[in-house]
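**Student:** Show me how the following folds:
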Amino acid sequence: MIRHIVLAGASVGRDWNFPDFPERTGLTDIRCEYYGQFDFDKTPLLDRLLPPGGPVPDAVMLKECAAYFPGDHSAYTAMMEGLVDRCGEAGAVAVLV
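**Tutor:** Here you go, the predicted structure:
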């Protein structure tokens, strides 16, 4: 079974060349994709990645940019907890990066 892993990240994640990770590591049981959302709020991106009743990735790596810190820690924490919950409700494992 091939696992589908998505990096939902800030701009620096684009430079990680995540789609080529399986080839670089020799892992044949994963498929990796990168989707950029250049805003702390990844909700619009998760709307596309986690459609109700549709196929969802096995894991969603949530990457935030250091440019957002320091900031409103309480608001950021609440938003991140909501994103993690959303992934779990859809059946995807959330990975904070």
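
**Student:** When you work out contacts or count neighbours from here on, use the C-alpha atoms and nothing else.
**Tutor:** Will do.

**Student:** And the helices in the protein?
**Tutor:** With helices called from DSSP state H, the chain shows them at 11-14, 21-25, 43-49, 73-90.

**Student:** quick one: buried residues of the shortest one?
**Tutor:** In terms of neighbour count (16 or more other CA atoms under 10 Å), helix 11-14 has its buried residues at 11, 13.

**Student:** What lies in contact with the lowest-mean-pLDDT helix or strand in the chain?
**Tutor:** Across the helices and strands of the chain, mean pLDDT, DSSP states H and E gives its lowest value to helix 11-14, namely a mean of 75. Helix 11-14 has contacts (CA atoms under 8 Å, 6 or more residues apart in numbering) with 7, 34, 36-38, 63, 65.

**Student:** any idea how far the residue located most distally from the centre of the chain is from Glu33?
**Tutor:** Distance from the centre of the chain peaks at Gly26, with 22.0 Å (CA atoms, centre = their mean). Here the distance between Gly26 and Glu33 works out to 16 Å (CA to CA, to the nearest Å).
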